[in-house]
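Q: All I have is the shape, not the residue letters:
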């Protein structure tokens, strides 16, 4: 049973207070839910921690690797491994935010002594690509903890990045229910074309999670810790553990 736990978090740059500035308080509840999910993830004593998010290609990103928040107006570099000075490979936004979440729990991560690695998946990845990456994730260790980064639709209202689309809310409700119930089939069945039209940034990552959980065998128990769309973009936080 390689995969023993998973945490699902969104990756808006505004999650980082330095980026949000005076508006940082607007995402306090989301930030707190992410922290809870990561604490639970690290509490299972994994022997490997893997970050998973959308990126320009599909495959591994091994440390040293560093992400930057400079494109969002903040001179802040975030290493994949907390405290690691080397820049190495460049992390996409999803994994940069994921690495930043890990830095908030660096002390606990140090106690586990579990190595940290990352994998990225393209936004338009198909079933074969998703399945291959899921196998890679499951092979990262004997007790793998997976931090999955991904946003829902970006079409929840007229001020949303993708404007308003009536299909967005039902789509997000299906995702929220699937994450709450650890419903692997529901995540696997998310439509690629509809996801792209709704500007969903988490579809491929959630499907890799579902495939990795299935390949690890056994049952899963999920809990939805947060579900909101404060800027017209759906943000979910969930915690999964083996049933």
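A: Sure, I can see it. Values in this document were obtained by computation on a predicted structure and should not be read as measured data. Numbers count the residues shown, from 1 in each chain.
Q: in the protein, which spans are strands?
A: In the chain, the strands defined using DSSP state E lie at 3-9, 48-54, 59-61, 65-68, 77-79, 89-90, 116-121, 144-149, 220-228, 235-242.
Q: So which bits of the third one are buried?
A: Going by neighbour count (16 or more other CB atoms under 10 Å), the buried part of strand 59-61 is residue 61. (Glycine included, C-beta is placed from N, CA and C.)
Q: low-scoring pLDDT stretches of the chain, where are they?
A: The chain contains residues with pLDDT under 70 at 1, 85-86.
Q: Spatially central, which residue of it would that be?
A: Nearest to the mean C-alpha position of the chain, by CA atoms, centre = their mean, lies residue 149 at 1.3 Å.
Q: got a list of what the nearest residue to that one once chain neighbours are set aside touches?
A: Excluding the flanking residues, the one nearest residue 149 by CB to CB, 6 or more residues apart in numbering is residue 53, at 3.7 Å. Going by CB atoms under 8 Å, 6 or more residues apart in numbering, residue 53 touches 11, 92-95, 97-98, 118, 120-121, 148-150, 205.
Q: again with residue 114
A: 46, 47, 48, 49, 141, 145.
Q: Next one: the residue of the chain positioned farthest from its centre relative to residue 232, how far apart?
A: Largest separation from the mean C-alpha position in the chain: residue 158, at 25.9 Å (CA atoms, centre = their mean). Note on residue 158: its distance to residue 232, by CB to CB, to the nearest Å, is 8 Å.
Q: can I assume residue 48 is in contact with residue 137?
A: No - when contacts are counted by CB atoms under 8 Å, residue 48 is not listed as touching residue 137 (9.4 Å).
Q: Who has more neighbours out of these two?
A: residue 137 (28 against 21; other CB atoms under 10 Å).
Q: so which of the contacts of residue 53 comes closest to residue 166?
A: Of all the contacts of residue 53, residue 166 sits closest to residue 150, with 22.0 Å by CB to CB.
Q: Just list the residues touching the residue nearest to the closest one when sequence neighbours are not counted, thanks.
A: What sits nearest to residue 150 in space, not counting adjacent residues and going by CB to CB, 6+ apart, is residue 202, at 2.1 Å. When the contact criterion is CB under 8 Å, 6+ apart, the partners of residue 202 are 8, 10, 54, 148, 149, 150, 151, 152, 175, 236.
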